[in-house]
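K.L.:
Please find the sequence and the predicted model below.
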Amino acid sequence: MIRDTRICFIGDSFVQGTGDPEYRGWVGRVLAETRGDITAFNLGIRRNTSEDVRLRCWQEVLPRTLPDADNRLVVSFGSNDTVVEDGRVRVDPARCLDNLAAILDESRRRAIAPLVVGPPPVIDAGDAHARRTLHLADGMAALCRARHIPFIATTRALADHPVWTREAMAGDGAHPGAGGYRTLAGLVLTRQWHEWIARADQHRS
């Protein structure tokens, strides 16, 4: 019997794949390299913070799940939280972690297996933004570790990657082109990702 795996990807413009001339982003590229009968839903929205994602999460995710399916949720946000607007970050890091914890805990309660992808850096936001995003990513990793939920780090590797930085600066300063999203997809396609995909009905154990 073929397992019906349904994966919702929820987050910001990096999840959406903004800037990719091939309209695939990292989500499309990861799915292309992932085996299995997968029904996927891209729920990324540009400029969304963790606060925005938490507010809309379940009204968008639940209609896309089925009671007898292997339902999954990939969460990725934080880059917009750490951007400074009007002299302050858009979302306090502690609040961002609270939002992530709430989504992950509710996901487990609803028997939807979660995985978290760390926030990519916004290159033209400067070194201070990069430091804030790295600090937030470390907090996310610790939170996921405590809950035994897979976390895939991306922030540091992308901040130092020439393709990501070059394409972001050639575009709007934040979003790369096809090469940058290919790089991000490569970071996601770890053994951790493939093991998470392979564990059937892991949320029911």
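P.N.:
Structure's in. What do you need? Numbering: from 1, shown residues only.

K.L.:
So which residues of the protein form strands?
P.N.:
Counting by DSSP state E, the chain has strands at residues 5-11, 38-44, 70-76, 84-85, 88-89, 113-117, 151-152.

K.L.:
which residues are in contact with the biggest helix by length in the chain?
P.N.:
When the chain is scanned for its longest helix (criterion: DSSP state H), the result is helix 126-147. Judged by CB atoms under 8 Å, 6 or more residues apart in numbering, the contacts made with helix 126-147 from elsewhere in the structure are 78-79, 81-84, 89, 93, 96-97, 100-101, 104-105, 108, 116, 118-119, 121-122, 150-151, 153-156, 159. Heads up, the C-betas are built off the backbone N, CA and C, glycines and all.

K.L.:
just the buried members of these?
P.N.:
Neighbour-count burial (16 or more other CB atoms under 10 Å) is assigned, among these, to 78-79, 81-83, 89, 93, 96-97, 100-101, 104, 108, 116, 118-119, 121-122, 150-151, 153-155, 159.

K.L.:
And the average pLDDT for stretch 84-97 is what?
P.N.:
What stretch 84-97 shows for mean pLDDT is 97.

K.L.:
okay, and for this structure, where does confidence drop off?
P.N.:
1-2, 200-205 (pLDDT under 70).

K.L.:
what's the nearest residue to Leu187 if we skip its chain neighbours?
P.N.:
Of all residues not flanking Leu187 in the chain, Thr154 sits nearest, at 5.0 Å (CB to CB, 6 or more residues apart in numbering).

K.L.:
err, Ile197, not the other one
P.N.:
Once its chain neighbours are removed from consideration, Ile197 has its nearest residue in Thr34; the separation is 5.8 Å (CB to CB, 6+ apart).
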